[in-house]
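**Student:** need a structure here:
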Amino acid sequence: MNTPKKPEFKSAKAQKIILELEELFDPDLFDFKTSRYIERFHGKFVVKGNGCDIPLVKKGFMPFAFFCKKEIRWGSRLVYLESPPHLKEFIGVYVVCYVGGWIWSEKKIEDVFKTGNTVDLIGGWGRFVEWKGRMPGRFFAFSVMSVL
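**Tutor:** Next comes the predicted model:
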């Protein structure tokens, strides 16, 4: 298999963007074989706080660092949840839930996701995300479909 030649840019800014994109999509950093998608699921989780406050996210763990930098200003939230201890798949995994701004704008939703509350929810499009490179960590990310 031939590796395509990397484009060369004279602009330092353009070169930096290329390097960031390479890191984001480098198959050596992301293990696609162990990454699993979950289309829909139901579970009870305890709200631990703001997902943007997770140390790995603050250090730049993608794509969550980008989300915390750009999407929060539009009203969306990244909620950090704790799973029940009997679910071995979630041991050592940061569980984060994306709540869109249009959902978060409901006062009822904001009250449900207060730190310490237990939420019984239906999630959609869940995915285990694991990076190997300079910031190893494992996340399970999903978005809220509805809150019961």
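
**Student:** Quick one: the helices in the chain, in order.
**Tutor:** Shown for the chain, the helices assigned by DSSP state H span residues 12-25, 55-59, 64-70, 101-104, 107-112.

**Student:** Ranking helices and strands of the protein by mean pLDDT, which lands last?
**Tutor:** Here the helix or strand of the chain ranked lowest by mean pLDDT, DSSP states H and E is helix 12-25, holding a mean of 55.

**Student:** and stretch 112-128, average pLDDT?
**Tutor:** Averaging pLDDT along stretch 112-128 yields 79.

**Student:** Mind exporting the C-alpha coordinates of that stretch to CSV?
**Tutor:** Once non-C-alpha atoms are left out, stretch 112-128 reads as follows in CSV (Å, rounded to 0.1, in the frame of the first residue of the first chain):
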residue,chain,number,x,y,z
VAL,A,112,-32.7,16.6,36.3
PHE,A,113,-29.0,16.9,35.5
LYS,A,114,-27.9,18.5,38.7
THR,A,115,-24.8,17.0,40.3
GLY,A,116,-25.6,14.1,42.6
ASN,A,117,-28.9,13.2,41.0
THR,A,118,-29.6,9.8,39.6
VAL,A,119,-30.9,9.9,36.0
ASP,A,120,-32.9,7.2,34.3
LEU,A,121,-32.5,7.9,30.7
ILE,A,122,-32.6,6.6,27.2
GLY,A,123,-29.5,7.4,25.2
GLY,A,124,-28.7,7.2,21.6
TRP,A,125,-25.7,6.8,19.4
GLY,A,126,-23.3,5.7,22.1
ARG,A,127,-19.7,5.0,21.4
PHE,A,128,-16.6,3.9,23.3
